[in-house]
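>>> Sequence and predicted structure are below.
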Amino acid sequence: MTTKTSSKPASGSQKAGHKAARSKPRQPKAAITERSLQDKFLEYLPLAVIVLAFFMIYSQALNFDLLDWDDYGYIKNNPDVQNFSIRNFFTSFYGGNYHPLTCITWSVDYYLGGLNGKSYHMTNMLLHVLNIVLMYFFVKFLFERKDIALFTAALFAIHPMHVESVAWVSERKDVLYACFFLLSLIAYLRFIRNDHKKYYLASLVLFILSLLSKSAAVVLPLVLLLIDYFKEKKITTESLLLKLPFFLISILFGVIALKSQQTSMSYGFAPHFPLISRLLIASYGMTHYLLSFVFPFKQSALHPYPVAVGEALPWYFFGSAITIFLIIFCIIYFKKYRKILLFAFGFFFINLLLVIQILPVGKAIVAERYTYLAYPGLAMLLGYLLFGFSGRSKNIILVSIAAWLIFLSVQTYARLPVWKNSLTIFSDIISTHPEEESGWYNRGLVRFYMKDYKAALEDYNASLALKADNAPALYNRSLVRKEFQDYQGVLDDLNKAIALEPGYIDARKNRGIANAIFKDYQGALNDFSMVLKQYPDDTSTLINRGLIWTTLDKKEKACEDFTKAARLGSSRASKFASEACLQKKTE
């Protein structure tokens, strides 16, 4: 009975309390909603300021052109992009790369604006803005701190080393794969927090989309393991099995990437140094990227190797190995910060793993675009350490951070015009690396198309002074010399080009014409015949050989070449054929 009577008052008091609570004046729902909206506005206002600052800095890029560099092969001279050949996008390699989703976005831009650069650059900028926002949420979910997230997003938005990825249309690969990469990481963070399979599947699908944008995304499974470590998630058999699909897909796309790059590798596109040298080159790359994070120096669209294969590396390559030991020392010695140090440097290193030249990739020893997803690791570490201060020190730190971000913004604004057009980009390479012949060669080509033949000749002379055995440069200089009617110079250049590359068909065609000018008819016949042996339906060469046969009074052979060219559709050849074949019949 006691128990029963004691239970009733408790129940009654709960009801009374409930009634009392209900009797209190409630705050209107509209007021709650308004306050929550104000809170969200205040939270996202700094992020909006970052995005606005980005647009103010990068708006000049909307007037930039497509470049006669990779943009030429990917877009300007790519019928698949111009015809939206979606089947070819998924079954073809372009420029030694496999990136079907990137090709689709270029094709959409082509539909919107043809070869006008505005739509391409706007798409790159919008993707970068999306990545700024995604970076904020990724870091916020990871650290559960807004200050570190805002700092990382700000640095990601305006760092000068990211200009190459955003302002170069060919590097749409970077901004697009990073978008899906970050979305995949965010979905994974939601998965380990809520254990909902839908987030796991979303992370996996987004990973595949990232891989279809650029093969560099293959490192994502390693980042997932890094996140597990940072979030102190136990590594179990189940957690490893969940990563297995990621690793299997990564291996598949890794094989595709290696296959896509075989052609460029076979032509010596990437120099193959011995293993010890490659390790020193990797340490140099890491040091360069670390220093450029704090203070970007000697930025360039191309950072060539300082030595050729077989030559001794400069002393500073050996000194740069100290950087790696310092990082390892800090991780071991500073136990209090070991977790953040391992995560941050791990994030930095994993996203550079494929491009620090342990495995040879590309012609450059370092490239600024490679930092696009690597630098956030360093930004997270710096934000974590700096925002740990309090009191007067914190104010000094905040002022220093603001000054540094302003400095980087100014440098980014000043760096952008380099990417305005083909002439500015190659002139920049020449100014930073005058010893690199490709800068002179490419600018000579641009000036030739601009019909600035005198300047083009000067550039080709400079290129050949640095690398005399460059057959394409010799061929291109012969085209410039032709404009000055320097036919002996034309013949000399073509002779040298063919001596270097006997199968150089375009050089053979032009040398045949040059030989004919100098009345070396047998030499002209030999060149034209070699071209036709490889390309028997080349109508212009058939006509040129026919003209030589006519000069040598070989009417029957001239008739055969002209008639064949006419059958292939050449109206010019039809006229020659009627004359040559008529003379043959008369005889």
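The structure has been received and is ready for your questions.
>>> mind checking pLDDT for the residue nearest to residue 387 when sequence neighbours are not counted?
Leaving out its chain neighbours, the residue that sits closest to residue 387 by CB to CB, 6 or more residues apart in numbering is residue 147, at 4.9 Å. Quick note: C-beta positions are derived from backbone N, CA and C, even for glycine. Reported pLDDT at residue 147 in the predicted model: 92.
>>> got it, and residue 6?
With respect to pLDDT, residue 6 scores 40.
>>> thinking residue 372 is in contact with residue 163, fair?
No - the criterion here is CB atoms under 8 Å, and residue 372 misses it with residue 163 at 10.4 Å.
>>> before we move on, back to that, just to check, the residue nearest to residue 387 is in contact with residue 385?
No - at 12.0 Å, residue 147 does not count as touching residue 385 under the criterion of CB under 8 Å.
>>> For the stretch 251-400 of the chain, just list every one of the helices.
For the stretch 251-400 of the chain, the helices defined by DSSP state H, counting those that start in this stretch cover 262-266, 275-294, 315-319, 321-333, 338-350, 375-386, 391-415.
>>> Of all those, which one comes closest to residue 53?
Nearest of the helices of the stretch 251-400 of the chain to residue 53, taken as CB to CB: helix 391-415 at 6.7 Å.
>>> Check which helices and strands the closest one is in contact with.
Using 3 or more CB pairs under 8 Å, 6 or more residues apart in numbering; DSSP states H and E, the elements in contact with helix 391-415 are helix 29-58, helix 146-158.
>>> Could you count how many residues lie near residue 580?
Neighbourhood size, residue 580 [other CB atoms under 10 Å]: 24.
>>> can the helices and strands packed on helix 391-415 go into TSV with extra columns for distance to residue 517 and mean neighbour count?
Listed next are those as TSV, based on distance: least, CB to CB, whole Å; neighbours: other CB atoms under 10 Å:
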stretch	distance to residue 517	mean neighbour count
helix 29-58	52	13
helix 146-158	57	23
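>>> For the stretch 451-587 of the chain, which segments count as helices?
453-466, 471-483, 487-500, 505-517, 521-534, 539-551, 555-567, 571-586.
>>> mind putting these in CSV, distance to residue 439 and mean pLDDT included?
Output for these, formatted as CSV (distance: least, CB to CB, whole Å; pLDDT from 0 to 100):
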stretch, distance to residue 439, mean pLDDT
helix 453-466, 8, 96
helix 471-483, 12, 95
helix 487-500, 20, 95
helix 505-517, 23, 93
helix 521-534, 32, 92
helix 539-551, 33, 90
helix 555-567, 41, 88
helix 571-586, 40, 72
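>>> Make TSV out of those and add distance to residue 212.
Supplementary listing: the helices of the stretch 451-587 of the chain in TSV, determined by distance: least, CB to CB, whole Å:
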stretch	distance to residue 212
helix 453-466	37
helix 471-483	33
helix 487-500	39
helix 505-517	36
helix 521-534	37
helix 539-551	41
helix 555-567	45
helix 571-586	46
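>>> ok, now how distant is residue 384 from residue 340?
Noted for residue 384: a distance of 5 Å to residue 340, by CB to CB, to the nearest Å.
>>> So the two - more neighbours on which side?
Per other CB under 10 Å, whichever of residue 384 and residue 340 has more neighbours is residue 384, with 21 against 18.
>>> Ranking helices and strands of this protein by mean pLDDT, which lands last?
Ranked by mean pLDDT, DSSP states H and E, the weakest helix or strand in the chain is helix 2-23, scoring a mean of 41.
>>> Tell me the first helix or strand C-terminal of the helix or strand where residue 425 lies.
For residue 425, the enclosing helix or strand under DSSP states H and E is helix 422-432. Following helix 422-432 in sequence order, the next helix or strand is helix 437-449 (DSSP H and E).
>>> Contact partners for residue 105?
Listed by CB atoms under 8 Å, 6 or more residues apart in numbering, the contact partners of residue 105 are 123, 172, 176.
>>> Tell me the one among those residues nearest to residue 446.
Nearest member of the contacts of residue 105 to residue 446, counting by CB to CB, is residue 172, at 21.9 Å.
>>> which parts of the helix or strand hosting residue 87 are buried?
Using DSSP H and E, residue 87 falls within helix 86-91. For helix 86-91, burial by neighbour count (16 or more other CB atoms under 10 Å) applies to 88, 89.
>>> Would you mark the buried spots in the helix or strand just after it?
Following helix 86-91 in sequence order, the next helix or strand is helix 100-113 (DSSP H and E). Neighbour counts over helix 100-113 (16+ other CB under 10 Å) mark 100, 101, 102, 103, 104, 105, 106, 107, 109, 110 as buried.
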